[in-house]
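# Build me a model:
(chains A and B)
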Amino acid sequence: MEQRVLRVRAAFQTGRSRPLTFRLQQLRALQRMVQECQKEILAALADDLHKSEFNAYSQEVINVLGELDHVIEKLPEWVAPEPAKKTILTLMDEAYIHSEPLGVVLIIGAWNYPFVLNIQPLVGAIAAGNAVIVKPSELSERTAMLLAKIIPQYLDKELYCVINGGIEETTELLKQRFDHILYTGSTGVGKIVMEAAAKHLTPVTLELGGKSPCYIDKDCNLDVACRRITWGKYMNCGQTCIAPDYILCEPSLQGQIVEKIKETVKEFYGEEIKQSPDYERIINLRHFKRVTNLLEGQKIAFGGETDEATRFIAPTVLTDVNPNSKVMQEEIFGPVLPIMPVKNADEAIQFINQREKPLALYVFSNNNKLIKRMIEETSSGGVTGNDVIMHFTLNSLPFGGVGNSGMGAYHGKHSFDTFSHHRSCLIKSLRMEGANKLRYPPNSQSKVDWANFFLLKRFNRGKIGIFLLAFLGILVAVTMKLQSF
Amino acid sequence: MNPFADTVQSLREAFHSGKTRPAEFRAAQLEGLNRFLKENRDSLLAALAQDLRKPPFESEISEISICQSEINLALNSLHSWMKDEHVSKNLATQLDSAFIRKEPYGVVLIIAPWNYPLNLMLVPLVGAIAAGNCVVLKPSEMSSSVEKVIGEVLPRYLDKNCFAVVLGGPQETSALLENRFDYIFFTGNTTVGRIVMAAASQHLTPITLELGGKNPCYVDDNCDLQNVANRVAWFRFFNAGQTCVAPDYVLCSPEMREKLLPALQHAVTQFYGKDPQSSPDLARIISPKHFLRVRGLLGSGRVAFGGQSDEQERYIAPTVLVDVKETDPVMQEEIFGPILPILTVSGVEEAIAFIRKREKPLALYAFSNDSKVVHQMLDQTSSGGFCGNDGFMHLTLTTLPFGGVGNSGMGTYHGKFSFDTFSHQRGCLLRSAGLEKFNSLRYPPYAQRNLGLLLSLVEVGRKSQCARPFWMAPRWVRFETTPSWEAFD
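A predicted model of the protein is given here:
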């Protein structure tokens, strides 16, 4: 393992991944890969998650293509040095922020969206000029094997590679030194990744999870709310880090919500949900059993059917859920939607704040003030109001968690920034030493006074102040120069 | 035993009460800091003199003034920094509100070192306050006089429920780190940096680490000799060399070295007189332990000038070492003292190769009249920050992010970067309940929908300048006809 990582590092040291033209070329190659291997990609996703072609395309591939388009278009702008505003003392200098690659980036992907969660970070890491090692999740086996096959066919083999394996291989990998690690997965493993990174002082981006609450206000378009929630909850059989995990609403709404969700489920997946090509399955037996156990002792309003042989769990809604029950203790990551009645928005906010900060917060209401209040008085990675999931698809928004749901963010330019080092640069001239005489010892009270005068910013209200100071500055420099003769 | 659990808990409760969120509260705390600096200036100068024999001039420009500047900047900019940042939208979200909300993390821990005990405590604090957090401050016990002022006087100027100062040594710091914080800001050495990050990982606490390293200083043959010597000397011997961004060692050609030595000597004499020990403008080493450590490094290579020391005063003369080998002790650790080794290289390429073999430093300096050389150095190396033709001036610009990379640290601050560091950037998308027809394209069942239709819609999106229609441009956009709801049935 060490050798493989060192080879990638050696490739980075050659400087090959840095020029803009190279990065664009690799990104375009990645684009071609996604387009030309589309059939295989969709088939692998279908195999791993029982995902229909349309779903695989609209949930994964389309996001990757959109990201590639955006990054290819904007990259020349992003790599350009960013000038910084200067002070009087540095007026004649060049001051800017220079974005540089970090070196070797490790991307550890998750199994629930195995294509986009490996490739979208890869796009950002390449765009920032790094060498990259991708470690897809072994649970989504077909996709992992496919990535290992097609990535070397389209991208520079030495700079970008896929390493497959299970827990043992990942542990070995984490012992190596990287310049940034982006991990998508569970909170528990997130801690392990950060601990391993600490040994090498490697910065990390952790995209973890949590229980994303969904508050439904009395004053809202319940039909629309329930359709959107149904879509977001049962997508990928509930195995989405930003799925609405549970609903908070007033008790009087429960019945209606159950009915509308039930109707919508029928509309989306038909009478025989098992026959619907658009409904996925649980990834493996362990998770199947885990999710099924959460149903124990719960009031099932509808759904609840399971079939171990096919790892099928029907879209399920639970009502009057007790906050202390198992289903409210862990991220569900399955097609089970508990409804927890609360008296009002206050109680909902209190409930949310007593728990770990989630990756996403959802609020449905016609009352903008309420939405704003829910955002103000809680914290979460991101928010979508009056819909679910969608903030993920806008790559001008940073996508990431806070607290137990993660740290750091990516998507669009945020990826580029995450995988870059922003190096401050100040270029002065060796001339004009006169101005510097102010700072050299031997010191005197007058020098201290001048220092204060120059460095205190509060004067700079009003343009006249600046010009006056500039004039005085030049005067002082000239005076000092004359005095030195 | 967790002696600080109560402190952290009460700060967390204060944070949850929402007290620190309004701009007025934050501004009031910043004004408090302002008054703290103004009203205690003399005792702070005295404390800095006591701890490091820091000359008042150095204290003014590198501690008090910098803090003052940051406070002023924060007060001036607070409202604009706090504003929601609206972002560009795609076709599907055109009618929505999309913005980044800046939120405080909660309870922040700031651990400061002893070399600039005021600056490195207060400047991060300004950012943490501006961002709306509650803060636990842990000043360094080694700069004990300043620690006393921060422990006893500073709390009088800040809200007692939202800010706490914790005093103590390594044991207390370890105990403190067992608690859960929402952000940890640490300035110090690389070894302790690792410990802090490991502790933070137990609670998934995000961190900024401002560490150190050996900052190389390349001096080209083509340069204005005395100006370079002045600048290198001043930045090296400032605070008796105890600066994380000080030029740690010089790389130059043998010819340059011969010219540089007398020029450096001249600068030192100009600055500190013939007997630097009696100059009031030279600081002292912080502690007996560090004094012995730095004095031990004098054995590397050969002393070109300087080399005197006085254990009682913890004085070490401004010293230049030559004939230093890479394997010598002085090249194995960050010097953090008034010693400047000069290593010879054949030219800029060899200098770059030398630098690249080593850990990424916090700062990198290149002196040359030839801007090509300066840019070559910049392009082919990595470091936290870079300054061409001067010392650590780049950190006086609050518009430049200050921080390390690799072993020299992670994260940045100063100015708005401080505010951003201590804020969670929360992506928010507020949609309307209407226009559900547009959404229906995303709902199952998909049997009757054509994957081809979807693909062709996406193609239109790629060609257009303004948007990537993730949830599909409606048909009327493609055919430029009036919208017809039948298209979506």
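# any idea how far residue A:395 is from the nearest residue to residue A:398 once chain neighbours are set aside?
Ranked by C-beta to C-beta, 6 or more residues apart in numbering or on different chains and with sequence neighbours excluded, the top spatial neighbour of residue A:398 is residue A:409, at 3.5 Å. (Glycine included, C-beta is placed from N, CA and C.) Distance from residue A:409 to residue A:395, counting by C-beta to C-beta, to the nearest Å: 11 Å.
# what's the neighbour count on the residue nearest to residue A:398?
25 (other C-beta atoms under 10 Å in any protein chain shown).
# Please list all residues in contact with it.
Residue A:409 sits next to A:205, A:398, A:399, A:400, A:418, B:425, B:427 when contact means C-beta atoms under 8 Å, 6 or more residues apart in numbering or on different chains.
# Kindly report the same for residue B:205.
B:180, B:181, B:182, B:183, B:184.
# Helix, strand or coil: sort out it for me.
What DSSP: H, G, I helix; E, B strand; the rest coil gives for residue B:205 is coil.
# tell me the phi and psi of it?
phi -90, psi 130 (degrees, to the nearest 10).
# Same question for the one 5 residues further on.
Its backbone dihedrals place residue B:210 at phi -110, psi 100, with angles given as degrees, to the nearest 10.
# That one contacts residue B:186, doesn't it?
Yes. With contact defined as C-beta atoms under 8 Å, residue B:210 reaches residue B:186; the gap is 7.0 Å.
# Would you mind measuring from residue A:340 to chain B?
As judged by C-beta to the nearest C-beta, to the nearest Å, residue A:340 and chain B stand 21 Å apart.
# Please list all residues in contact with that residue.
Here residue A:340 is in contact with A:246, A:247, A:248, A:321, A:323, A:328, A:351 (C-beta under 8 Å, 6+ apart).
# Buried ones among these?
Buried subset of those (neighbour count, 16 or more other C-beta atoms under 10 Å in any protein chain shown): A:246, A:247, A:248, A:321, A:328, A:351.
# which of those residues lies closest to chain B?
Among those, residue A:351 lies closest to chain B (C-beta to the nearest C-beta), at 13.5 Å.
# following the helix or strand in which the closest one is found, which helix or strand shows up next?
Using DSSP states H and E, residue A:351 sits within helix A:345-354. Next along the chain after helix A:345-354, taking DSSP H and E as the criterion, comes strand A:360-364.
# Output that next one as CSV, restricted to C-alpha atoms.
This file holds the C-alpha atoms of strand A:360-364, laid out as CSV (Å, rounded to 0.1, in the frame of the first residue of the first chain):
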residue,chain,number,x,y,z
ALA,A,360,-30.0,18.8,6.5
LEU,A,361,-33.0,20.6,7.8
TYR,A,362,-36.3,20.8,6.1
VAL,A,363,-39.3,23.1,6.8
PHE,A,364,-42.6,23.2,4.9
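# Could you check the angle it makes with helix A:345-354?
Put simply, strand A:360-364 runs at 170 degrees to helix A:345-354, going by axes from the mean of the first three to the mean of the last three C-alpha atoms, to 10 degrees.
# Pull the distance from strand A:360-364 to the chain's centre.
17 Å (C-alpha atoms, centre = their mean, to the nearest Å).
# Repeat that for stretch A:358-366.
Taking the mean of its C-alpha atoms, stretch A:358-366 sits 18 Å from the chain's own mean (C-alpha atoms, centre = their mean).
# Can you show me the strands along the stretch 351-485 of chain A?
With DSSP state E, counting those that start in this stretch as the criterion, the stretch 351-485 of chain A has strands at A:360-364, A:382-385, A:406-407, A:420-427.
# Residues contacting the first one, please?
Contacts of strand A:360-364 from elsewhere in the structure, counted by C-beta under 8 Å, 6+ apart, are A:212-217, A:220-221, A:225, A:228-229, A:242, A:244, A:352, A:370-371, A:374-375, A:378, A:380-389, A:391, B:433.
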